[in-house]
Each structure stands twice: as C-alpha cells, then as structure tokens.
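**Student:** coords below, sequence missing:
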C-alpha cells in the first residue's frame, strides 16, 4: 500500500460524551479491526485522563491522532464577552495540554465559535472578525508552541457557522499566525458542501494541512456515497500530508450529539459498519492509487 496514510476513527461514532470508560470499551475493538489511530474528543477537561488514555492506546498499538476540541454554545473567540473568550482560551489550553500528555501533538476542531452559531457579516465586519480571532488565538498558539503541539482549525459548513466555511477563508483568517504551529483541519463532510471539489480544496490547503477527518457525504461510511475518494486521497498524499485520516461520524441514539450534528436517522446498518466498512474502503482505495 505505497503512499497509504494511517487510518483512525473517532469514538463519537458510538459515544458522547467520550469518557475514559467509553474509550476503554472502544479502543480494543478499533485495534482488533485494524485501525492505526484514534481521535480523542475532549468535551470537558476531566472526561478522561491523558496519562491513562496514553497507556490504553499504547497497550493496543494505536496512536493518538488528535485531541478534538468541542465548541458547544458558550465557547466563542469572536464577537463574545471578554469572560467568554477567557473561558474558551482556558479550555483550548487544556486541550493543548491533553494533546501533549497523550502524545497526539495536535488539537483539531472549529476553535473559533460555537457550532451552530451564525450571523451575517459584511466584508469589513469579516475582516475585523478575523483580526479578533487572531488576537484571541495568539496566547493559545504560544502555549501550543511551548507544548510542541499544533492546532488544526476546521472550517465548517454554512449551516454550522458563518465565520469559516472554506479553505481560502481559513487561510485568510490565520494570516500572520505561525504556520509551523497552526494550520487547517479538513473534513470531507464540510468540504463536500462548501468547496468546488475535494481535491481542489486539498491542493489549496497543501502545506498547511494538520489533520484530516472523513466520512460519506451523509456522514456515513466513506465509500458508501458519491464523493471522489481516489481524487481526494491522491491529492492528500501528493500534498505532503503524513498524518492520520480519521473517520468521524455520530450516533443518532444520543440526544445531545444527534441534535448538534443533525443526525436524525441511522447512517449505516449499525454503527460498527461505519467504522469497519469505511476502514476497508479506505485501505482498498489507498492500495489502488
């Protein structure tokens, strides 16, 4: 499988919140199925112990792909009260610390505004908002540099944010911040909505891609859809990205996450199929490139 990248999965496929108990149940299964890596969502500091989780992953031969930052209502760095910005930066520093302690080395997510928060912006207001975002991220980036951690900023689709929807917008927003510490997280679900082509978006982001999440266009298993997976994975490989490609989906059986992710129906025969079928498809597609 020359040119294949490590493949990971996010425990959100089955669980939310992702607690230490949930990870203890999920990690051995991912290892048996043949995954290489695991994403680690941190909804609240203290949901799991970084030291314990690092040991769990090592025991099962899996690498930590990234700590995934979670942005519910009230976590905002832009157009927010100073105390909200302070609390959000404190949370992001905790994510950085967890990434350092687990050995993940990456914090990924929409680390700018609460998911689902949208508002209209003129061109001037958008420019000002991006400047505000850079100011708020500066101390987090400094903390990440000291910790040896990189931050991956994820653009979301237009229904989940109005601030950063595309690769180009995200690159503009991050201008002036150190490129060796902060870059982009790409997610095929959002790219499919907002970009002219998955491969085009990857090529635009080349050199700045820090983390990658994948799922079908409906959030189901990669490959059970209409996306140009060979084109996307080839562009990703050619971009120089060498991190993990992580399957991220959600369960309709948890009220809070189903509402947050707008998952109203099963996305596969069962949740295991999203991971197992997606892994098999990605392995086959990498092998054929």
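**Tutor:** That came through, no problem. The structure displayed is predicted, hence computed values, not measured ones.
**Student:** from here on, contacts and neighbour counts on C-alpha atoms
**Tutor:** Will do.
**Student:** so residue 247 bridges to which residues?
**Tutor:** Judged by DSSP bridges, the bridge partners of residue 247 are residue 9, residue 214.
**Student:** that one: what's it in contact with?
**Tutor:** 7-10, 213-215, 221-222, 275, 278 (C-alpha atoms under 8 Å, 6 or more residues apart in numbering).
**Student:** residue 106: neighbour count?
**Tutor:** By the measure other C-alpha atoms under 10 Å, the count of residues near residue 106 is 28.
**Student:** correct me if wrong: it contacts residue 152.
**Tutor:** Yes: with contact defined as C-alpha atoms under 8 Å, residue 106 counts as touching residue 152 (7.0 Å).
**Student:** identify the contacts common to the two.
**Tutor:** With C-alpha under 8 Å, 6+ apart, residue 106 and residue 152 have common neighbours 210-211.
**Student:** now do stretch 46-60, average pLDDT.
**Tutor:** Summarised as a single mean, pLDDT over stretch 46-60 is 98.
**Student:** and what of stretch 71-87?
**Tutor:** Stretch 71-87 comes out at a mean pLDDT of 97.
**Student:** quick check: end-to-end length of it?
**Tutor:** Terminal residues of stretch 71-87 are spaced 12 Å apart (C-alpha to C-alpha, to the nearest Å).
**Student:** return the distance of it from the chain's centre.
**Tutor:** Stretch 71-87 has its C-alpha centroid displaced from the chain centroid by 20 Å (C-alpha atoms, centre = their mean, to the nearest Å).
**Student:** burial check on residue 285, number of neighbours?
**Tutor:** Residue 285: 17 neighbours (other C-alpha under 10 Å).
**Student:** isn't it right next to residue 228, touching?
**Tutor:** No: judged on C-alpha under 8 Å, residue 285 makes no contact with residue 228 at a distance of 10.7 Å.
**Student:** re earlier: from the contacts of residue 247, which is closest to residue 265?
**Tutor:** For these, the residue nearest residue 265 by C-alpha to C-alpha is residue 221; the value is 14.0 Å.
**Student:** could you pull up the residues touching the closest residue to that closest one other than its chain neighbours?
**Tutor:** Among residues not flanking residue 221 along the chain, residue 274 sits closest, at 4.3 Å (C-alpha to C-alpha, 6 or more residues apart in numbering). The contact partners of residue 274, taken as C-alpha under 8 Å, 6+ apart, are 13, 220-222, 249, 267-268.
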